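Q: with the sequence up front, the predicted model follows.
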Amino acid sequence: MFRRTSSQPETPATTDKVGGKGRPTPTRKEAEAAARARAKVPRSRKEQAAAQRAARGDTSQKMREAMKTGDERFLPARDRGPVRRFLRDYVDARFSFIELMVPLLIASMVLSYTGLAQLGNTILFSTIMVIIFDIIMLRFRLRRELASRFPDEPTATKGATLYAVMRSLQMKFLRLPKAQVKIGQKLPETYR
């Protein structure tokens, strides 16, 4: 009688591809079970509403996570793309006077209520004037940067100024998607 000396045939070592899917391929049995589960039609309106609620919950959870990490796949449409990513990074990498706006406005309110209304109004109007000047400077610098970084995209500037201004008017820790760069950090040359 013939007997095999090796107990198991050697299996080739698995190698992880760069950019691979990150999980093993499901067996036919698992794939068919998953397809049946997806194709299962809810029997009642209540089950259908529960399924839709669960799907919305999953989508919103992925979107919230993307807002924290900056993952482009799950961001809302208004925040997707290389131009919008550049705008976010450009605004987040610069220090602007706008970030001091809220404390100065609170100080002007307190001064107005304590009887020093003239000083409070002076702080308020000077804060507003400096913010307007900062927004104008942001617009001109941003246009120049967009023209040099995205010369082949004519729609790159469409809505870019408003997007950048609205982001810069928010305090840095309240901005969504969260800032991915620090103040003063050099930005990469390409955003493709």
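A: Perfect, thanks for sending it.

Q: helix or strand with the lowest mean pLDDT in the chain?
A: helix 45-69 (a mean of 84; mean pLDDT, DSSP states H and E).

Q: quick one: distance of it to the chain centre.
A: Mean-position distance between helix 45-69 and its chain equals 18 Å (C-alpha atoms, centre = their mean, to the nearest Å).

Q: just stretch 161-177 next, same as before
A: That offset, for stretch 161-177, works out to 11 Å (C-alpha atoms, centre = their mean).

Q: list the buried residues for the helix or strand following the least confident helix or strand of the chain?
A: Counting by DSSP states H and E, the next helix or strand C-terminal to helix 45-69 is helix 82-93. Buried positions in helix 82-93, judged by neighbour count with 16 or more other C-beta atoms under 10 Å: Val83, Arg84, Arg85, Phe86, Leu87, Arg88, Asp89, Tyr90, Val91, Asp92, Ala93. To be clear about C-beta, it is placed using only N, CA and C from the backbone, and glycine gets the same treatment.

Q: now those as TSV including pLDDT and distance to Ala107?
A: Shown next, in TSV, are the buried residues of helix 82-93 (pLDDT from 0 to 100; distance: C-beta to C-beta, whole Å):
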residue	pLDDT	distance to Ala107
Val83	89	37
Arg84	90	34
Arg85	91	35
Phe86	91	34
Leu87	92	30
Arg88	92	29
Asp89	93	31
Tyr90	93	29
Val91	93	24
Asp92	92	25
Ala93	93	27
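
Q: show me the helices in this protein, by range?
A: 28-39, 45-69, 82-93, 101-113, 117-149, 160-168 (DSSP state H).

Q: most tightly surrounded among those?
A: Burial of the helices of the chain is given as mean neighbour count (mean count of other C-beta atoms under 10 Å); helix 82-93 ranks first at a mean of 20.

Q: which strands and helices sit next to that one?
A: If you count contacts as 3 or more C-beta pairs under 8 Å, 6 or more residues apart in numbering; DSSP states H and E, helix 82-93 packs onto helix 117-149, helix 160-168.
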